[in-house]
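[1] Mind looking at a prediction? Sequence and model below.
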Amino acid sequence: MKKHYFFLALLCITSLTFGQTVTVVHQVDITNYLNGGATLDPSGIRIAGNLSTMGATTGGNPMVDWTPTDANGAMDDSDGDNIWSISVEYPASSIGFELQYKFVNGDWGNDEIVTDTLCGGAGGFGSDRILTIPSSNMTYTYCWDSCSTCSGGNPAMNIINRDAIDYVNVSPNPSEHETNFDISLSQNQYLFIDIYDITGKKIKQVFNGFLSVGTHSINCDLSSLKSGIYIYEINYVNNFKTGKILKK
């Protein structure tokens, strides 16, 4: 009886989508912007908006309002494809509320002008983007100055790939000190790995970033965790995988 109860409890835990935060991967494609004669600032593309007001964090660090030069506003283009990304977590209390923001090339003076009311037209100058914080993890890819992708597609749909992860192996498991997430990707992917306790409380972020096609090994230090059962969750473009980790 105890074994059946334990299995059922674990099944319920691993099927949860832990809803304490929602993660939005903001992306902007600057290909057309550069082709039009713009020069990329040495500090790269940044994001600015009412981020602090919305309780936004990135990599566990709080973000500030309307300050593109802040370190936590820096976006990433590790693979050099001109699509800059940043993964931002919003608290559940922000779901359904309006984020006003824009992408900035370095600092003010080189920021977007988005007047299309489909996703913009906000702010004192009517040039800020608008996004209603979704209730589930989402990725949005916009073309610079636009409410669509650079090919004219839906920014919330163009990179969805539910089969991007071929396999995940977590080993050693059980472990006393550390474990490794071996992940094989069939496509380039922005993902993050979080660890939760059995109450659903997030206690550790293992990884938050971009990975290219191929197999990657991501180390996770377990030494600070108490002995017991934990749940890992791998989030990637509107999908997730979960499993258990046993800390000795």
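    That came through fine.
[2] ok, what's across the strand from the residue nearest the centre of the chain?
    Centroid check for the chain by CA atoms, centre = their mean gives residue 87 as the closest residue, at 3.2 Å. Beta-bridge pairing for residue 87 (DSSP bridges): residue 25.
[3] again with residue 168
    Beta-bridge partners, per DSSP bridges, of residue 168: residue 183.
[4] thinking it is in contact with residue 185, fair?
    No. Applying CB atoms under 8 Å as the test, residue 168 and residue 185 come out as separate, 10.2 Å apart. (Glycine included, C-beta is placed from N, CA and C.)
[5] on that earlier part again, my guess is the residue nearest to the centre of the chain meets residue 56, correct?
    No. The criterion here is CB under 8 Å, and residue 87 misses it with residue 56 at 10.6 Å.
[6] sorry, back to before: which residues are in contact with the residue nearest to the centre of the chain?
    Counting by CB atoms under 8 Å, 6 or more residues apart in numbering, residue 87 touches 23-26, 58-59, 190, 192, 208-209.
[7] Specify which member of these is nearest to residue 32.
    Nearest to residue 32 among the contacts of residue 87: residue 26, at 17.8 Å, using CB to CB.
[8] pLDDT at residue 238, what is it?
    Confidence at residue 238, expressed as pLDDT, is 57.
[9] now do residue 4
    37.
[10] Now for residue 39, how many residues are close by?
    By the measure other CB atoms under 10 Å, the count of residues near residue 39 is 10.
[11] For residue 171, the count of nearby residues, please.
    Look at residue 171: counted by other CB under 10 Å, it has 10 neighbours.
[12] so what pLDDT did residue 161 get?
    45.
[13] The one 10 residues further on now?
    pLDDT recorded at residue 171 is 92.
[14] again, but for the one 4 residues further on
    On pLDDT, residue 175 comes in at 93.
[15] and the residue nearest to it when sequence neighbours are not counted, what is it in contact with?
    Using CB to CB, 6 or more residues apart in numbering and skipping residues adjacent in sequence, the residue nearest residue 175 is residue 222, 5.9 Å away. For residue 222, the contact set (CB under 8 Å, 6+ apart) comprises 175-179, 245, 247.
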